[in-house]
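> What follows is a predicted structure for the sequence shown.
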Amino acid sequence: MKRIEAITLAAEAASALGALLIGNIGYPSRELFAVHDRPENFYMLGSMGQASSIGLGLALARPERRVMVLDGDGSVLMNLGTLATIAHHAPQNFLLVILDNCCYGSTGSQPTCTHLGTDLFALAKAAGIENVREVERAEDLPEALLGQGVVIVRVEAGNAMVPIISLSPEEIIERFMRCARPALPSGKSPL
Amino acid sequence: MNPSLTVYRGLKHAGINFATSVPCVNLQELLAMIGGDPNIIHLPVTREEEGVGICAGAWMGGRRPALLMQNSGLGNCINALASLDMLYGIPLLMIISHRGGVGEPIIGQVPMGRLTVPLLDAMNISHCSPNPVAAEETVTRAWERAAKERKTVAVLLDLGFWRSK
């Protein structure tokens, strides 16, 4: 399946579940913004590798909310320690979706090590994560997105023709936090 | 005065309720205090940059986060401090064991020891180096400033700080 198809299914699932959704840097966030923009989406504009970490911190802070992360193979390879941390500290409300297209899709599709055979499924299992699934067909994805742990989705290389995100960093985070933070009595500062 | 306890009290007074850490030998007592506090979620992480990302997510979810590390770890998290925290205006309190200064026995600590303050200055990250008498209030003020200005603030604790028991 194309990555934008997987992102569309993930956005639909997140919307149906009321989940907070973290979009990875580059084209994945752009594709998410294009197919299903919503205030509950956090678009990562920098800090490659940190999508899973941001989602993990959020899931721990808000255990009653579902948190879904759209990550990539290159980004997870850049922050492999995240799999070990997730294995031992991720709560039940956390799902990491790794869209594995075997390349750095936002920089010219240079191959990553998954192209050469590095197995993110095995790495996640070896890190100690119990619930790890692998999905190749689009029809199997919606059900996998209902779970927790890690889902690795095999997607084709290539980006959809989508524009740059038209929101400023301030707009992205302010509207996201209005959804992500617990409701407060009026007038009380969250800080 | 126990230097670890003064920092811990400062964190508690600031309402810090979420922490990520990569250990330093000088942080061990403080990390044990934080780890034993039921009101602080504490995540030992594999790399300091990961701690920056986790703290950012926790803050967006309403927590007050701190990252505890050695100054060597500052070099591991510069991009995330800039293109995540600085970009979006996400506050973070960094409690840093500052190695590599006067009295440092490990030569490998010296290069980053010398570069720590210049790196923070280059990134326009406020920092202070309190003694144990002032540390409790300094730590609390550091978080208050981070939260108010929505930026990273660093508290540097050098070898003299830890030895002043």
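It's in. Residues are numbered from 1 along each chain as shown, chains lettered A, B, ... in the order given.
> Which of the three states applies to A:E134?
Following DSSP: H, G, I helix; E, B strand; the rest coil, the label given to A:E134 is strand.
> hang on, isn't it packed against A:I152?
Yes. Using C-beta atoms under 8 Å, A:E134 is in contact with A:I152, at 5.0 Å. C-beta coordinates here come from the backbone N, C-alpha and C atoms, glycine included.
> Now B:L31: which helix or strand?
helix B:28-35 (DSSP states H and E).
> That helix - what's its average pLDDT?
Averaged across helix B:28-35, the pLDDT comes to 98.
> Pull the contacting residues for the spatially most central residue of chain B.
With distances taken as C-alpha atoms, centre = their mean, B:I95 lies nearest the centre of chain B, 1.7 Å away. B:I95 makes contact with B:7, B:11, B:27, B:30, B:66-69, B:139, B:155, B:157 under the criterion C-beta atoms under 8 Å, 6 or more residues apart in numbering or on different chains.
> Tell me how far the residue lying closest to it once chain neighbours are set aside lies from B:H42.
Excluding the flanking residues, the one nearest B:I95 by C-beta to C-beta, 6 or more residues apart in numbering or on different chains is B:L68, at 4.6 Å. Noted for B:L68: a distance of 9 Å to B:H42, by C-beta to C-beta, to the nearest Å.
> Neighbour count: the two, which is higher?
B:L68 (28 against 18; other C-beta atoms under 10 Å in any protein chain shown).
> if you look at the host helix or strand of B:G57, does any of it touch chain A?
Using DSSP H and E, B:G57 maps to helix B:48-60. Yes. Judged by C-beta under 8 Å from any C-beta of the partner chain, helix B:48-60 comes into contact with chain A through B:49-60.
> Show me whatever sits in contact with both of B:L68 and B:H42.
B:19-21, B:31, B:34.
> from the residues you listed, which is closest to chain A?
B:T20 (8.0 Å; C-beta to the nearest C-beta).
> and the closest one, helix, strand or coil?
strand.
> Next secondary structure element downstream of the helix or strand where A:V151 lies?
Under the criterion of DSSP H and E, A:V151 resides in strand A:149-154. Sequence-wise, the next helix or strand downstream of strand A:149-154 (DSSP H and E) is helix A:169-180.
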